[in-house]
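K.L.:
attaching a predicted model along with its sequence, questions to come.
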Amino acid sequence: MNRLLSLLLALALPLAAQAQDAGVRDPVTILISIDGFRADYLDRGITPNLSRLADEGAHGKLRPSFPTKTFPNHYAMVTGKRPDNNGIVGNNMIDPRRPQVKFSLGDPKQSLDPFWWDEAEPAWITAGKAGVRTATMFWPGSEVAIGEHRPPDWLRYDEHVGYAQRVNTILDWMRRPADIRPAFATLYFEAVDDAGHKFGPDSAEVNAAISEIDKRIGDLTAGLAAMRQRAHILIVADHGMRAIDESRIVQLADLIDLASIVAVETGPYAAIEPAAGTDDRVYEALLKPHDHMTCNRREELPERLHYGHNPRVAAIICIAEPGWSIIAGTPSWPVKGGAHGYDNQDSEMLALFVASGTGLNGDVGIVDNIEVYPLLMRLIGVTPLPSDASGVLAKRLP
């Protein structure tokens with residue numbers, strides 16, 4: 001009888017522990033990026049899951065930092081620092097300390113080098129140092145060992161990993177026992193941005209991508225509900241999207257011989273270095289007034305851009321009129337569909353913000369995207385590092 005009782009107790013204790021774990025789960029914080037989700041896409045009537053979360057919680061529009069590009073703004077949201085201060089000043093950039101190499105999305109040797117990322121500390125590193133277990137599913141910078149620290153769970157970006165699989169990975173992480181379950185996780189989707197670039201923001205393909213990601217958001221929330229996992233969910237985008245075409249082009253080759261410049265970045269904005277370092281011809285050619293673009297020395301950019309003080313910013317920054325593209329010779333990308341990178345005051349660069357289960361409610365209006373950081377850290381329960389943010393969203397929490 002004693003042996004039977006002991007056996008029954010041995011079986012019952014793990015079940016009781018599981019039931020207790022399911023009943024008293026601490027809330028997790030999940031930060032989701034839908035790359036290129038322009039703020040007004042939420043008004044198209046094709047996002048039942050996102051719209052429900054927005055109606056039940058909070059929603060608004062994020063003003064991206066300049067330049068309105070992917071890497072600078074993803075890093076701004078998880079550090080609270082604008083590109084000038086977080087070090088990721090563009091999708092492409094050159095550092096004076098490494099004049100012979102260029103950071104670019106297509107060069108993993110550079111884009112995964114901590115040298116480029118360690119001017120700011122992202123939320124998952126700060127949280128980890130504070131004892132909070134973190135996990136990242138495809139967030140720019142999350143693959144890099146910053147200060148020799150990484151999240152306990154992270155994945156190398158692979159566009160071939162399906163969106164359902166990404167959601168299931170998050171849900172699998174949440175099914176773990178409490179001691180190895182992430183308390184903070186990130187999730188990233190690129191479909192809306194990809195479709196916007198290829199087909200333009202008003203295309204059927206963009207709408208299809210929006211609907212697809214909305215379904216995956218529904219899968220995530222349903223999965224969390226099924227396991228009774230409470231969650232603070234922040235859904236953001238890094239920038240919007242604007243239609244472009246080949247009829248609206250500023251050709252740099254018409255203004256200066258291309259051998260005289262290094263075009264670090266082209267498109268809605270151009271980052272240009274004189275090839276000879278201090279070539280007065282380049283400055284004279286580009287700094288004069290031009291139709292459809294405005295060029296400035298980096299140190300003379302409008303202060304409202306908060307850009308131009310980091311030495312990684314190119315010597316001359318030209319910003320195209322909305323809808324126009326700056327190219328240097330034959331572009332390596334098709335000038336059609338959609339683009340981003342314009343002045344961050346452009347209304348079509350405004351990005352999505354939705355908060356669910358956070359305590360925020362209603363329309364928060366237009367806020368700078370650096371304000372995501374202190375809100376995120378408050379939800380995680382970790383003191384944020386000093387940043388450029390004012391805490392306007394975090395202060396609205398109960």
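P.N.:
Great, that's in hand.
K.L.:
pull the distance from stretch 196-210 to the chain's centre.
P.N.:
Chain-centre distance of stretch 196-210: 19 Å, with CA atoms, centre = their mean, to the nearest Å.
K.L.:
where does pLDDT dip in the protein?
P.N.:
The chain contains residues with pLDDT under 70 at 1-23, 277-278.
K.L.:
let me see the domain layout of the protein.
P.N.:
25-241+344-396, 246-335 (automatic domain parsing).
K.L.:
any idea which of these is most buried?
P.N.:
domain 25-241+344-396 (a mean of 20; mean count of other CB atoms under 10 Å). Yep, even glycine has a C-beta here, placed from its N, CA and C like the rest.
K.L.:
distance between that one and the chain's centre?
P.N.:
5 Å.
K.L.:
going along the chain, name the helices of the stretch 151-300 of the chain.
P.N.:
Remark: helices assigned in the stretch 151-300 of the chain by DSSP state H, counting those that start in this stretch are 163-174, 191-199, 204-226, 280-286.
K.L.:
what does the shortest one rub up against?
P.N.:
When contacts are defined by CB atoms under 8 Å, 6 or more residues apart in numbering, helix 280-286 is touched by residues 252, 255-256, 260-261, 272, 274-275, 295, 297, 316, 318.
K.L.:
one more: stretch 36-55?
P.N.:
Looking at what lies outside stretch 36-55 - CB under 8 Å, 6+ apart - the contacts are 59, 61-62, 190, 192-194, 196-197, 201, 206-207, 210-211, 213-215, 217-218, 221, 233, 235, 237-241, 340, 348-354, 356.
K.L.:
end to end, how far does that stretch reach?
P.N.:
One end of stretch 36-55 sits 21 Å from the other (CA to CA, to the nearest Å).
K.L.:
kindly report the same for stretch 299-309.
P.N.:
Using CA to CA, the two ends of stretch 299-309 sit 6 Å apart.
K.L.:
how far away from the center of its chain is that stretch?
P.N.:
22 Å.
K.L.:
contacts for it?
P.N.:
65-67, 82-84, 89, 296, 298, 313, 317, 343-345, 388.
K.L.:
could you rerun that using 7 Å?
P.N.:
Contact with stretch 299-309 is made by 66, 82-84, 298, 313, 317, as judged by CB atoms under 7 Å, 6 or more residues apart in numbering.
K.L.:
of those, closest to residue 396?
P.N.:
Distance to residue 396, by CB to CB, is smallest for residue 82 among those, at 21.4 Å.
K.L.:
who are the contact partners of the closest one?
P.N.:
Going by CB under 7 Å, 6+ apart, residue 82 touches 65, 76, 306, 370, 388.
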